[in-house]
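1. when you get a sec, could you give me coordinates for this:
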Amino acid sequence: MRRLKGGPARYLISVLALAGLLMTAAHRVSATTSKTIAASASFSTPFESDSFTPRVGKILFSRYKDIYTVNLEDGAVKRLTYTEQCGGCFNLQPAWSPDGAHIAFTSNRGGDFDIYVMDADGSDQRRLTDMAGRESSPAWSPRGNSIAFVNGGDTTFAGMVNSTECNHPNIYLVSADGGLPVKLTDKGANTDPSWSPDGKRIAFTSDRDGDYEIYLLDVADHHLVQLTNNEGVDDVDPSWSPDGAGIAFGRGYALRDFCRMEGIIENPLEPDATAWGADLYVVGVDGSGSKRLTFDGNNSDPVWLPDGSGLAFTKGGDAGYELFYVELTGLSQRRVADGANFDLSPSCMAGAESGAGMLDIVGR
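-> Predicted structure coming up:
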């Protein structure tokens with residue numbers, strides 16, 4: 001998730017990827033948190049290669065102000081939204097529904113940033129949320145009947161962040177048909193929701209104990225587990241593996257840059273390479289078997305390929321932002337799409353057969 005800065009023309013959300021039930025109680029999270037420290041691992045240097053082709057058909061992503069898909073078999077890119085049809089609005093942070101029939105996304109076409117839903121071909125675009133403040137980072141529950149998202153909760157600052165302070169965004173849950181959102185978090189700045197495949201837990205990023213770390217929230221009893229604990233280093237952008245065994249995330253954001261990068265919105269039309277610095281890791285849900293997947297910095301927004309063979313992610317640098325995917329076993333990387341250099345927020349369609357998966361990576 002990215003930073004908000006400046007006027008409306010500067011806003012661009014990039015975030016920086018599932019429980020089929022709404023909470024039975026709308027009370028806030030206040031459970032005792034248990035902590036897990038991820039283990040270290042030996043690393044090797046990855047390489048860029050054409051040999052790795054994941055078993056997934058399409059990746060959804062944002063490019064400048066609009067949402068596109070790319071077919072990984074032939075590289076064909078299809079545009080789904082048209083900023084010129086909504087007065088130059090932003091259409092960003094797309095997320096496939098579990099059945100691939102719908103797409104949730106963030107847009108400011110109504111004046112503020114809200115969560116919208118459309119059919120997979122870009123038709124029937126409709127607003128899902130209309131809260132005070134700005135909404136972002138939609139994440140479908142595995143059954144597809146609810147969506148987790150982030151709201152800043154303040155009509156003045158509303159999730160906006162600056163270089164020194166986050167304004168405590170929180171995670172909410174809403175029915176996929178609309179209705180009253182349920183607040184799930186209430187301490188610190190909480191972002192980046194990602195559902196477990198069984199729909200029982202949500203992984204998210206929070207600074208509730210100082211640094212930004214990855215937490216796991218049980219949606220039934222609100223019990224929290226702190227998955228990572230790395231003093232002075234921020235762990236962000238969690239993504240739950242398809243087999244439920246592990247979490248991918250970004251590590252290495254400097255604290256002074258994290259609010260710029262991860263609060264909610266950033267303006268990549270004026271990229272600032274100094275805001276980057278993270279690499280991607282995977283770790284077991286019990287904190288074991290940590291493995292580093294990238295070694296060049298400037299990587300964020302990891303999302304698992306549905307077959308479990310690797311991750312799609314955003315790579316930033318002097319040239320801008322591009323989508324890559326990385327293989328879990330051999331660490332080879334490959335560009336997702338050529339062309340424009342502001343491609344962000346990848347989302348992969350669920351439902352493919354399981355491939356290597358997290359269990360093979362951590363050796364369990």
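2. tell me the buried residues in stretch 290-297?
-> 290, 291, 292, 293, 294 (16 or more other CB atoms under 10 Å). Backbone N, C-alpha and C define where each C-beta goes, glycine included.
3. so where do the helices sit in the chain?
-> 255-262, 357-362 (DSSP state H).
4. ok, of the buried residues of stretch 290-297, which one's closest to residue 214?
-> residue 290 (11.5 Å; CB to CB).
5. returning to that earlier point: residue 85: which of the buried residues of stretch 290-297 is nearest?
-> Using CB to CB, those come closest to residue 85 at residue 294, 36.8 Å.
6. now that closest one: how far from residue 280?
-> Look at residue 294 and residue 280: by CB to CB, to the nearest Å, they are 5 Å apart.
7. common neighbours of those two, please.
-> By CB atoms under 8 Å, 6 or more residues apart in numbering, residue 294 and residue 280 have these common neighbours: 313, 326.
8. wait, residue 230 sits on residue 213?
-> Yes: in this structure residue 230 lies within contact range of residue 213 using CB atoms under 8 Å: 7.2 Å.
9. those two: which is more packed in?
-> Between residue 230 and residue 213, counted using other CB atoms under 10 Å, residue 213 has the larger neighbour count: 25 against 15.
10. state the pLDDT value of the closest residue in space to that one that isn't next to it in sequence.
-> Using CB to CB, 6 or more residues apart in numbering and skipping residues adjacent in sequence, the residue nearest residue 213 is residue 228, 4.7 Å away. Note on residue 228: pLDDT of 94.
11. ok, residue 243 next?
-> Reported pLDDT for residue 243: 94.
12. ok, it - how many residues close by?
-> With other CB under 10 Å as criterion, residue 243 counts 16.
13. measure it to residue 300 for me?
-> Residue 243 is 23 Å from residue 300, by CB to CB.
14. what ranges does the stretch 251-364 of the chain have for its strands?
-> Ranges of strands within the stretch 251-364 of the chain are 279-284, 291-292, 299-304, 310-317, 320-327, 332-335, 343-348, based on DSSP state E, counting those that start in this stretch.
15. show residues contacting the first one.
-> Residues lying outside strand 279-284 but in contact with it, judged by CB under 8 Å, 6+ apart, are 38-39, 227-228, 241, 245-252, 289-297, 299, 302, 311, 313, 326, 328, 358, 361-362, 364.
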